Structures are given as C-alpha cells and as structure tokens.
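1. The amino acid sequence is not available; the structure is as follows:
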C-alpha cells in the first residue's frame, strides 16, 4: 500500500517486488522509479527468499523530510539521509543464523519482516527478523537483540504503541 508523508500530502511512496521504490508527487496520478535505491550496488546481489524479494516497509521520518528507511524481505534495512539520492545499509547487529558462524552479521542480505519507528522519536525503532526481534535507539545505525524470553522470535506483524516508545506489539 502506498505510504504518504506527513507534510507532503500529495507525495506517496510504493514498494514493489522485485525490490524497488516508486514515488508520486501528484497523489498517485503518476509514479517514478527512485533511482538512488534502484541503482544501489547491493541490488544485483539481493536474492529472493521463500517470500520473494519485496520492498515491504517504507518509513518516512516525520521530523526530517530527507530521511527515510525501507526494508526489503531479503535485502535488509536501508536508510537515506539525503532524500533518496544515496542509501546505506542499516543492519549492524542483526544475526543471520543461516550463515556460517564467521559470516552471521552481514552488511546486507538480512531477512527482515517488518520495521517500525516511534512517531515522537523516530530514532527508536523495532525490527522483526526471520530469527529475532531487535531494537535500535540510533535510527537503525545499530540493532540489539531483545528477543530473549519471548514465546517466539519469528513473526511478521509489528506495531509501536503511539503513546509509549518503550512498547512494541508483535
């Protein structure tokens, strides 16, 4: 489903499969491919998993129109700080348990299922991964595993409590 930004009511973003991001600035009348992500050097190495290769999460930063996060089902989390011209992987600390022990923390290629941020504090983020639940307090620069003690660390649904940046539902 297209995602609108808070301060630009006619601007919409849409993620597709295979992983790409489209933008409309006229309320969905026309769409253009976001070349900064499409031309990213990692893109040729993103491989579909069991669920495909979908760009499924789009998180515009409500406090900074140039910053946005996206999540790709087997590409991981990427962030732009310059309005989409450049994208950096933001997967540090996320464990890919299917990889050999010395390669379990790759820069990209993570099986991310969902990412959310708190509306009042976009730097506070939670991530549902194929093998874990993670939290970031620095806009996704690093992630900490918080899944210990949960009945399961596998899932797809994830939502922040809009009144409490310390609470996430999964």
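-> It's in. Note that the coordinates shown come from a computational prediction; the quantities given were computed from them, not determined experimentally. Numbering: from 1, shown residues only.
2. Quick one: mean pLDDT over stretch 127-143.
-> Averaging pLDDT along stretch 127-143 yields 93.
3. how about that stretch: buried residues?
-> For stretch 127-143, the buried set under the neighbour-count rule, 16 or more other Cβ atoms under 10 Å, comprises 127-136, 139-140, 143. In short, each C-beta sits where N, CA and C put it, glycine included.
4. Keep only those of these that are in helices.
-> Taking DSSP state H, every one of those sits outside helices.
5. Among those residues, which are located in strands?
-> Among the buried residues of stretch 127-143, DSSP state E puts 127, 128, 129, 132, 133, 134, 135, 136 in strands.
6. What is the subsequent helix or strand relative to the lowest-mean-pLDDT helix or strand in the chain?
-> For the chain, using mean pLDDT, DSSP states H and E, the weakest element among its helices and strands is strand 3-4, scoring a mean of 52. Later in the chain than strand 3-4, the nearest helix or strand by DSSP states H and E is strand 12-16.
7. which other helices and strands contact that next one?
-> For strand 12-16, the packing partners by 3 or more Cβ pairs under 8 Å, 6 or more residues apart in numbering; DSSP states H and E come out as strand 3-4, strand 20-24, strand 55-60.
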